[in-house]
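Enquirer: structure, please.
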Amino acid sequence: MKRLISLLLLVAFSTGFLTACNTMAGAGKDVQKVGEKVEDKAEDCKDAKC
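Expert: Got it, this is the predicted structure:
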């Protein structure tokens with residue numbers, strides 16, 4: 001449940017950053033950064049650190 005709430009908060013905050021982008025390239029970079037954060041969190045949980 002903690003993981004789900006964390007991911008939902010991450011998505012909510014990421015949405016705010018995406019709306020501030022002026023170009024599609026900027027949006028792509030923002031999405032990539034969010035994906036990296038999700039991957040990092042998944043790896044932490046995989047290693048039983050969550």
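
Enquirer: centroid-nearest residue for this structure?
Expert: residue 34 (3.1 Å; CA atoms, centre = their mean).

Enquirer: what's the residue nearest to that residue when sequence neighbours are not counted sitting at in phi/psi?
Expert: What sits nearest to residue 34 in space, not counting adjacent residues and going by CB to CB, 6 or more residues apart in numbering, is residue 14, at 4.6 Å. (C-beta placed from N, C-alpha, C; glycine too.) Main-chain torsions, residue 14, degrees, to the nearest 10: phi -70, psi -30.

Enquirer: from residue 8, how far off is residue 14?
Expert: Here the criterion is CB to CB, to the nearest Å. By it, residue 14 lies 11 Å from residue 8.

Enquirer: out of those two, which sits in the more crowded spot?
Expert: Counted by other CB atoms under 10 Å, residue 14 and residue 8 do not tie: residue 14 has more neighbours, with 17 against 10.

Enquirer: I'd guessed that one sits against residue 30; true?
Expert: Yes - taking contacts as CB atoms under 8 Å, residue 14 lies within contact range of residue 30: 7.0 Å.

Enquirer: the residue nearest to the centre of the chain sits in which helix or strand?
Expert: According to DSSP states H and E, residue 34 maps onto helix 24-46.

Enquirer: swap in residue 3?
Expert: Using DSSP H and E, residue 3 falls within helix 2-19.

Enquirer: stretch 12-26: end-to-end distance?
Expert: Using CA to CA, to the nearest Å, one end of stretch 12-26 lies 18 Å from the other.

Enquirer: quick check: buried residues in the helix or strand bottoming out on mean pLDDT in the chain?
Expert: Taking mean pLDDT, DSSP states H and E as the measure, the chain has helix 2-19 as its least confident helix or strand, at a mean of 78. In terms of neighbour count (16 or more other CB atoms under 10 Å), helix 2-19 has its buried residues at residue 14.

Enquirer: same thing with stretch 28-40?
Expert: 30, 34.

Enquirer: and it, average pLDDT?
Expert: Averaged across stretch 28-40, the pLDDT comes to 88.

Enquirer: ok now that stretch, how far from the chain's centre?
Expert: 5 Å (CA atoms, centre = their mean, to the nearest Å).
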